[in-house]
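Undergrad: After the sequence you'll find the predicted model.
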There are 2 protein chains.
Amino acid sequence: MSDDLAWRPGLRHPGHDYKVFTTAFLDAANPRTGAVTRFSLIQCADWVNVIALTTRDEVVMLRQYRPGIDRVCIEIPGGMIDPGEDPVAAAVRELAEETGYGGGRAELIGRTAPNPALQNNALHTVLVTGVSLVAPARPDDGEVLAVYTAPLAEIHRQIRSGEIEHALVVVAFAHLALR
Amino acid sequence: MSDDLAWRPGLRHPGHDYKVFTTAFLDAANPRTGAVTRFSLIQCADWVNVIALTTRDEVVMLRQYRPGIDRVCIEIPGGMIDPGEDPVAAAVRELAEETGYGGGRAELIGRTAPNPALQNNALHTVLVTGVSLVAPARPDDGEVLAVYTAPLAEIHRQIRSGEIEHALVVVAFAHLALR
């Protein structure tokens, strides 16, 4: 059923290097007409985000400035997966680095494509239950974070109200809700 | 509470033009250290996506090739909002163009930032209830779409299984579920 919808990919041309992503161009042929269109693409590492539930059943949240929208966002821990790194291991690493929380039991609860029209990468969502504060957070030099915990009902309220505006944070809580 | 987290934006430098997005660079100062970092940004139009429920209470879905991941995705109607266009009007327009469905009652149910670390744009999610097939679909030359309807329970199952992998489609159904 996919066959008549899938464009036929042809030549790929390099674009520019922006460090956290690169661009490229893909020539692909329309499956109905054969006409070739050049698509602009954004290539980035796979990402992971983490819903960590504490032993008191609160979620480990953080607030962080996001330059794309020039605002501070309410988020969950997450980041880029290192080359060859397992998504669950990356989740546990990011949780520890950004928040100092650890322990508990981790499992993958979702895998999505953040923006498949343009981007090639995957977002893995990991649930870690039973975490506690085990060490000081050690964020990167470029990360300025405020870590706190909140009950799930408050997070659902903030998704409804739009206070939580980061789409990929909403995706994580959708996977949790639909489990 | 935001003030100590918000970086101080400085000079903005142009990047490249990819037609569906442009890139730019923003120099911003760390609020704790004052050190200036250059952030790479992706600038695009605001987007809209649409959950349209038919008079039989099924959702208007479509399947479409996405070059970023070189796969056919299960999606809902949507697209770019024209300059100055109201998000609800854009939703009704995209629904008609891509699927031929119309009528019913439309309301905004969510507003998110698809990727606030890099992108400046917003995604508006619109719910339209009571739609029916009122005209032939008239997709753009570059759109090859298969339109169908499905019950909400089937869509939730496909989000859980990962068959629905487009993150921004998951966001739309999260807003519907949390309403």
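TA: Yep, it's here.
Undergrad: ok, how many other residues are close to A:Gly34?
TA: Neighbours of A:Gly34 under the rule other C-beta atoms under 10 Å in any protein chain shown: 8. No exception for glycine: its C-beta is placed from N, CA and C like everyone else's.
Undergrad: Which of the three states applies to it?
TA: Following DSSP: H, G, I helix; E, B strand; the rest coil, A:Gly34 is assigned to coil.
Undergrad: Run through the bridge partners of the nearest residue to A:Ala106 once chain neighbours are set aside.
TA: Of all residues not flanking A:Ala106 in the chain, A:Val128 sits nearest, at 4.4 Å (C-beta to C-beta, 6 or more residues apart in numbering or on different chains). In this entry, A:Val128 is beta-bridged to A:Ala52, A:Ala106, by DSSP bridges.
Undergrad: and A:Val128, how far is that from chain B?
TA: 19 Å (C-beta to the nearest C-beta, to the nearest Å).
Undergrad: Quick check: the gap between A:Glu163 and chain B.
TA: A:Glu163 is 11 Å from chain B, where distance means C-beta to the nearest C-beta.
Undergrad: Checking my notes, that residue in a helix, right?
TA: No: using three-state DSSP, the assignment for A:Glu163 is coil, not a helix.
Undergrad: okay, now it: neighbour count?
TA: Neighbours of A:Glu163 using other C-beta under 10 Å come to 12.
Undergrad: do the one 3 residues further on as well
TA: Residues contacting A:His166 under the criterion other C-beta under 10 Å number 25.
Undergrad: repeat for A:Gln158
TA: 18.
Undergrad: Would you verify that it is located in a strand?
TA: No: A:Gln158: not assigned to a strand; according to three-state DSSP it is helix.
Undergrad: need the contact list for it.
TA: By C-beta atoms under 8 Å, 6 or more residues apart in numbering or on different chains, A:Gln158 lies in contact with A:Ile74, A:Ile164.
Undergrad: A:Ile109 too?
TA: By C-beta under 8 Å, 6+ apart, the contact list for A:Ile109 reads A:Ile51, A:Thr125, A:Val126, A:Leu127, A:His175, A:Leu176, A:Arg179.
Undergrad: Now do A:Val147 against A:Ile74, distance only.
TA: 12 Å (C-beta to C-beta, to the nearest Å).
Undergrad: Show me the shaky parts of chain A.
TA: Applying pLDDT under 70 to chain A flags the ranges A:1-3.
Undergrad: Tell me which stretches of it form helices.
TA: Along chain A, counting by DSSP state H, helices occupy A:87-99, A:152-161, A:167-178.
Undergrad: Most tightly packed of the ones you listed?
TA: Of the helices of chain A, the one with the most neighbours on average (mean count of other C-beta atoms under 10 Å in any protein chain shown) is helix A:167-178, at a mean of 23.
Undergrad: Phi and psi next, for the most far-flung residue of chain A relative to its centre.
TA: Using C-alpha atoms, centre = their mean, the residue of chain A lying farthest from its centre is A:Thr33. It sits 35.8 Å away. Backbone torsions for A:Thr33, taken as degrees, to the nearest 10, come to phi -110, psi -20.
Undergrad: can you give me the strands in chain A?
TA: Using DSSP state E, the strands found in chain A span residues A:8-17, A:22-29, A:36-43, A:47-54, A:59-66, A:71-75, A:78-80, A:101-102, A:105-112, A:123-133, A:145-150.
Undergrad: closest to B:Val134 among the contacts of A:Ile109?
TA: Lowest distance from B:Val134 to the contacts of A:Ile109 (C-beta to C-beta) belongs to A:His175, with 34.6 Å.
Undergrad: returning to what we had before: anything in contact with each of A:Val147 and A:Ile74?
TA: Contacts common to A:Val147 and A:Ile74, judged by C-beta under 8 Å, 6+ apart, are A:Met61, A:Leu62.
Undergrad: list the contacts for A:Thr149?
TA: Applying C-beta under 8 Å, 6+ apart to A:Thr149 gives the contacts A:Thr54, A:Arg56, A:Glu58, A:Val59, A:Val60, A:Met61.
Undergrad: Let me have the strands of chain A in a markdown table, adding distance to B:Ala137 as columns.
TA: As requested, the strands of chain A are exported to a markdown table (distance: least, C-beta to C-beta, whole Å):
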| stretch | distance to B:Ala137 |
| --- | --- |
| strand A:8-17 | 23 |
| strand A:22-29 | 22 |
| strand A:36-43 | 19 |
| strand A:47-54 | 34 |
| strand A:59-66 | 36 |
| strand A:71-75 | 36 |
| strand A:78-80 | 37 |
| strand A:101-102 | 49 |
| strand A:105-112 | 26 |
| strand A:123-133 | 30 |
| strand A:145-150 | 43 |
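Undergrad: which of those strands sits most buried?
TA: Mean neighbour counts for those (mean count of other C-beta under 10 Å) peak at strand A:47-54, with a mean of 24.
Undergrad: Would you mind splitting chain A into its domains for me?
TA: As recorded under automatic domain parsing, the domains making up chain A are A:8-43, A:47-178.
Undergrad: Name the stretch from those that approaches B:Lys19 most closely.
TA: Per C-beta to C-beta, nearest to B:Lys19 of the domains of chain A: domain A:8-43, 6.4 Å.
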